[in-house]
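Asker: Got a predicted model here, sequence first, then my questions.
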Amino acid sequence: MRIDLEIRKELRSGPRVFRLDVRLATQGQRVVIFGPSGSGKSLTLKAIAGLMRPDEGHVRLDGTTVFDSGAGVNLPPQARGVAYLFQDYALFPHLTVRQNVGFVLARGWLNPRSGEIHEAVDYWLAAFNLQDVAHQFPVELSGGQRQRTALARALVARPRALLLDEPFAALDPALRQRMRVELDELQTRLGVPMIIITHDPEDVAAFGEQVLCMNEGQVVPQAQGLLSVGLAA
């Protein structure tokens with residue numbers, strides 16, 4: 001996926017001011033945005049997804065302008081063709097695994113109905129080995145099962161790119177390593193472009209086909225990015 005991004009955003013909290021000023025142009029199947037907590041990674045990813053409106057600038061995905069402050073363009077998230085995986089997975093607690101996966105296909109408080117069959121939902125339940133827990137609720141799942149459910153829900157609408165916000169941060173170390181392997185195999189098999197934000201250098205090693213480092217609201221040289229998290233002398 002080609003990404004052409006130039007955005008500015010100012011956030012205030014009392015006397016504190018955070019300024020996001022990001023310019024990047026990148027193309028690849030696996031892009032990792034790396035940096036310490038509070039560097040602006042999540043804000044950048046949300047700007048791509050349409051979950052945060054920059055004050056100024058533009059966002060172009062594969063040549064399509066999805067945001068341009070000067071031209072008055074700001075496509076809603078559902079029109080951008082990307083899927084966003086939240087750090088906490090954001091599963092609906094009152095819906096089963098099957099209903100969570102099918103939610104984007106039949107939106108509504110209790111849609112799809114618990115017994116409803118949908119070919120695309122069945123496909124992704126099988127792809128993530130979730131058939132045996134399809135009737136269970138998120139509270140009944142393990143951390144890995146919750147993540148696989150969230151991934152299945154993200155992919156059921158066949159997005160052109162998958163955006164992942166610290167996808168392994170909530171997992172214990174052993175599960176984190178296993179899920180990295182699973183995501184690596186999944187992305188290779190499906191060929192869906194991924195943009196991952198992380199502060200973990202092991203994620204960079206696993207998925208860093210192209211690495212962009214951020215610090216204090218800006219994209220910085222990689223050496224400076226590593227220094228910001230104490231990984232370079």
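Answerer: Right, received. Where do you want to start? Numbers count the residues shown, from 1 in each chain.
Asker: what comes up buried for the lengthiest helix in the chain?
Answerer: When the chain is parsed with DSSP state H, its longest helix is helix 173-190. Residues R176, M179, R180, E182, L183, L186, Q187 are the ones in helix 173-190 that count as buried (16 or more other CB atoms under 10 Å). Where you see a C-beta, it was placed from the backbone N, CA and C, and this is true even at glycine.
Asker: Can you identify the element that follows it toward the C-terminus?
Answerer: On the C-terminal side of helix 173-190, the closest following helix or strand by DSSP states H and E is strand 194-198.
Asker: Run through the strands of this protein in chain order.
Answerer: 2-13, 16-27, 30-34, 56-61, 64-68, 73-74, 82-85, 161-165, 194-198, 210-215, 218-220 (DSSP state E).
Asker: A71 touches T65, doesn't it?
Answerer: Yes - using CB atoms under 8 Å, A71 is in contact with T65, at 7.2 Å.
Asker: Look at those two and report which has more neighbours.
Answerer: The neighbour count for A71 versus T65, taken as other CB atoms under 10 Å, is higher for T65 (14 against 9).
Asker: Please report how far the more buried one lies from N74.
Answerer: 10 Å (CB to CB, to the nearest Å).
Asker: hey, which helix or strand in the protein has the poorest pLDDT?
Answerer: Least confident helix or strand, the chain: helix 222-228 with a mean of 57, by mean pLDDT, DSSP states H and E.
Asker: Let me have the buried residues of helix 173-190 in TSV, extended by pLDDT.
Answerer: TSV is the format used below for the buried residues of helix 173-190 (pLDDT from 0 to 100):
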residue	pLDDT
R176	84
M179	83
R180	88
E182	84
L183	86
L186	82
Q187	86
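Asker: Just give me the closest of those to R23.
Answerer: Taking CB to CB as the measure, R23 lies nearest Q187 of the buried residues of helix 173-190, at 26.4 Å.
Asker: residues touching Y89, list them.
Answerer: P138, R146, Q147, T149, A150, A170 (CB atoms under 8 Å, 6 or more residues apart in numbering).
Asker: Number of residues surrounding I3?
Answerer: Per other CB under 10 Å, the neighbour tally for I3 reads 19.
Asker: Surely it and G63 touch.
Answerer: No - using CB under 8 Å, I3 is not in contact with G63; the gap is 10.5 Å.
Asker: contact partners of stretch 50-64?
Answerer: Outside of stretch 50-64, the residues within contact range by CB under 8 Å, 6+ apart are 1-10, 20, 43, 46-48, 65-70, 74-77, 79-82, 84, 160-161.
Asker: To clarify, my last question referred to stretch 192-211.
Answerer: So stretch 192-211 is in contact with 1, 3, 26-37, 41-42, 44-45, 48, 155, 159-169, 176, 180, 183-184, 187, 222, 229, 231, going by CB under 8 Å, 6+ apart.
Asker: Please pick the buried ones from those.
Answerer: 1, 3, 26, 28, 30-35, 41-42, 44-45, 48, 155, 159, 161-168, 176, 180, 183, 187, 229.
Asker: C-alpha coordinates for the longest helix of the chain, CSV please?
Answerer: Taking C-alpha atoms only, helix 173-190 is exported to CSV below (Å, rounded to 0.1, in the frame of the first residue of the first chain):
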residue,chain,number,x,y,z
PRO,A,173,5.5,-13.0,26.6
ALA,A,174,5.0,-16.6,25.5
LEU,A,175,1.6,-15.8,23.9
ARG,A,176,3.1,-12.7,22.3
GLN,A,177,5.8,-14.7,20.5
ARG,A,178,3.2,-17.3,19.3
MET,A,179,0.9,-14.6,18.0
ARG,A,180,3.7,-12.9,16.2
VAL,A,181,4.3,-16.2,14.3
GLU,A,182,0.6,-16.5,13.6
LEU,A,183,0.3,-13.0,12.3
ASP,A,184,3.4,-13.4,10.2
GLU,A,185,2.0,-16.5,8.6
LEU,A,186,-1.4,-14.9,8.1
GLN,A,187,-0.1,-11.8,6.4
THR,A,188,2.1,-13.9,4.1
ARG,A,189,-0.8,-16.1,3.2
LEU,A,190,-3.3,-13.4,2.6
